[in-house]
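Chemist: Here is my input; please provide its structure:
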Amino acid sequence: MLILSGKYGLIKPSQNIPYYDQRLKEDQVNDLVQLMEKQLIDNKATEVTFYGQCKNEYGWAPYWQAIEQACKILDIKFDNVIVEE
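Modeler: Below you'll find the predicted structure:
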C-alpha cells in the first residue's frame, strides 16, 4: 500500500515527510507524473487500485489525472474505488 502525496508522490505509510498544507494543482501534475513513474518502477508495480473521492469533488481532479497518466505511460493496470467522506 502506498499513499499519494501531491508533493512527494507515492509514499509508504511508515515514511515520515515534513508537514505541508498544499493541494496538488493542475500545473504541478506533469512533474508529479514523472516522479510517480520512477516510484512505480522502483516498487515493481503491475497494478494500481486508487482509493479516493470522485474526480468531480473539489480538489481531486489533479490527483486522478496524475495517477491515471503515470499508469497509462507505464502500461500498468489501473482500477479505482470511490470513497465517500
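Chemist: what's the span of stretch 13-27, first residue to last?
Modeler: Its first and final residues considered, stretch 13-27 spans 26 Å by CA to CA, to the nearest Å.
Chemist: Going by neighbour count, which residues of that stretch are buried?
Modeler: L24 (16 or more other CB atoms under 10 Å). C-beta coordinates here come from the backbone N, C-alpha and C atoms, glycine included.
Chemist: With adjacent residues omitted, what lies nearest to I3?
Modeler: Closest residue to I3 apart from its sequence neighbours, by CB to CB, 6 or more residues apart in numbering: I11 at 5.3 Å.
Chemist: Skipping adjacent residues, who's closest to M36 in space?
Modeler: M36 sits nearest to A70 (CB to CB, 6+ apart), 4.0 Å away.
Chemist: how many other residues sit next to that neighbour?
Modeler: 27 (other CB atoms under 10 Å).
Chemist: Which of the helices or strands spans it?
Modeler: Applying DSSP states H and E as the criterion places A70 in helix 61-73.
Chemist: the strands in this structure, which residues?
Modeler: 3-5, 9-11, 47-52, 77-82 (DSSP state E).
Chemist: which of these sits most buried?
Modeler: Neighbour counts (mean count of other CB atoms under 10 Å) averaged over each of the strands of the chain peak at strand 9-11, with a mean of 20.
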